[in-house]
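In: Got a predicted structure here, sequence first:
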Amino acid sequence: MSTIDGHGLVKAFGRTRAVDGLDLTTSTGVTGLLGPNGAGKTTLLRMLATVTSYDAGSLRVLGHDPQDAAARLAIRRRLGYLPQEAGFHRGFTAFEAVDYIAVLKEHDERRARHAEVRRVLELVGLSDVATTKVGALSGGMRRRLGLAQALLGDPDLLILDEPTVGLDPQQRIRFRDLVAEAGSGRTVLLSTHQTEDVATVCSDVIVIDGGRRVFGGTIDELVDLARDRVWLDDRRDPRALAAWRLGDGSYHHVGDPPDGAQLAPAGIEDAYLVLIGPTAAASDVA
C-alpha cells in the first residue's frame with residue numbers, strides 16, 4: 001500500500017501554478033525529492049504535511065484525504081514534519097521547545113512525554129544543550145532541534161524539507177545515519193539540494209521542475225540518464241550543457257560528448273543536469 005498517492009495535483013498562487021498536474025506515489029523507505037529553486041518542492045511538501053490545501057487532483061496520505069478535517073487530524077497523528085523554518089520561540093530552552101510540540105501532538109502523560117523528548121534530543125545529539133535557550137543555539141543546532149520534534153512518537157511518515165541546511169560535515173553524516181534508520185519500516189520524503197545526501201540514504205528519487213514531475217525511479221535509473229554523456233577534457237567545451245573545473249585542472253563536462261571524448265562515470269549531479277538543464281548548474285547542485 002502506498003503511503004502517499006497523488007494524481008494530477010494542482011496548487012496555484014494567483015496566476016502561478018506552483019504545483020501543476022503532478023503525480024506522486026511513495027511507499028516504505030527513503031525517497032529523495034530534487035528540483036531547482038521555484039520548482040514547487042516546498043509547496044508540495046506543505047500539501048503532503050496538511051499545511052496547505054490543493055486546488056485540484058486527488059491525494060491520499062496514509063490512506064486519508066487531507067482536504068477532510070477529520071482525516072487531517074488522523075494524518076497529523078502519524079506524521080513528522082520538518083519545514084524549512086521550524087519557528088521555535090527563542091525564549092524556550094531546547095527541551096521546552098520540543099516538549100511544547102509534544103503537547104501539540106497529544107502526548108498527554110507528562111512523565112512519558114518528557115522521556116520521549118529526552119529520547120529525540122539524544123537521537124540528534126542535543127542532550128547536552130537541552131537547557132540552553134533556542135536563541136543561543138547555532139543555526140545547525142536549531143536545524144537538529146527541528147529534526148528532533150519531527151521524530152517525536154516514531155511517525156509512520158517523515159517529511160523533511162532541506163534538513164541538512166546549516167549542518168557541518170560531521171552533523172550531516174549523523175543526519176544521514178538517522179534518516180537511513182528512520183526509513184526502515186516507515187516512509188521518509190527528503191527534499192534537498194545536496195545530491196550526495198540523496199545518493200547516500202535514498203532508495204528512490206523524484207525530480208520536479210516547474211511544478212511537474214520529470215522523473216521518478218531508483219537512483220540507478222536516474223544515473224542511467226547521464227550514462228555516456230559525461231566526459232573529461234583539459235579545456236572547457238562551450239558546447240557542453242554544463243562544465244566545471246576539477247582540482248587537477250581538467251574539466252568535467254555534461255551533455256553530448258564530441259567524437260573521441262574521454263568518457264567519465266556519470267553521477268546523480270550529471271543526471272540532474274541532463275534533466276533540468278544548464279540553469280540548474282548555477283546554484284541547485286551541491
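Out: Thanks, I have the structure now.

In: from here on, contacts and neighbour counts on C-alpha atoms
Out: Fine.

In: Quick check: next helix or strand after whatever helix or strand I75 lives in?
Out: Using DSSP states H and E, I75 maps to helix 69-76. Proceeding N to C from helix 69-76, the next assigned helix or strand is strand 79-82, under DSSP H and E.

In: and that following strand, what's its mean pLDDT?
Out: For strand 79-82, mean pLDDT is 96.

In: Adjacent strands (with direction) for that strand?
Out: strand 157-161 (parallel) (DSSP bridges).

In: Not counting the helix holding I75 itself, show me its contacts.
Out: With Cα atoms under 8 Å, 6 or more residues apart in numbering as the test, helix 69-76 has contacts from 49-50, 61-62, 64-66, 105.

In: Pick out the most distant pair among these.
Out: D65 and K105 (19.5 Å; Cα to Cα).

In: returning to what we had before: pull out the buried residues from the helix holding I75.
Out: Going by neighbour count (16 or more other Cα atoms under 10 Å), the buried part of helix 69-76 is 71-72, 74-76.

In: What mean pLDDT does it get?
Out: Averaged over helix 69-76, pLDDT sits at 95.

In: where's it relative to the chain centroid, distance-wise?
Out: Distance of helix 69-76 from the chain centroid (Cα atoms, centre = their mean, to the nearest Å) equals 22 Å.

In: ok and it relative to strand 157-161, angle-wise?
Out: 80 degrees (axes from the mean of the first three to the mean of the last three Cα atoms, to 10 degrees).

In: returning to what we had before: please say which of D65 and K105 ends up with more neighbours.
Out: D65 (20 against 17; other Cα atoms under 10 Å).

In: what's the pLDDT at the more buried one?
Out: 96.

In: Look up how far T132 lies from it.
Out: Per Cα to Cα, to the nearest Å, D65 is found 39 Å from T132.

In: now swap in V124 and tell me
Out: 15 Å.

In: wait, isn't T164 in contact with R172?
Out: Yes. Counting by Cα atoms under 8 Å, T164 does reach R172; the two are 6.2 Å apart.

In: Between the two, tell me which one has more neighbours.
Out: T164 (23 against 17).
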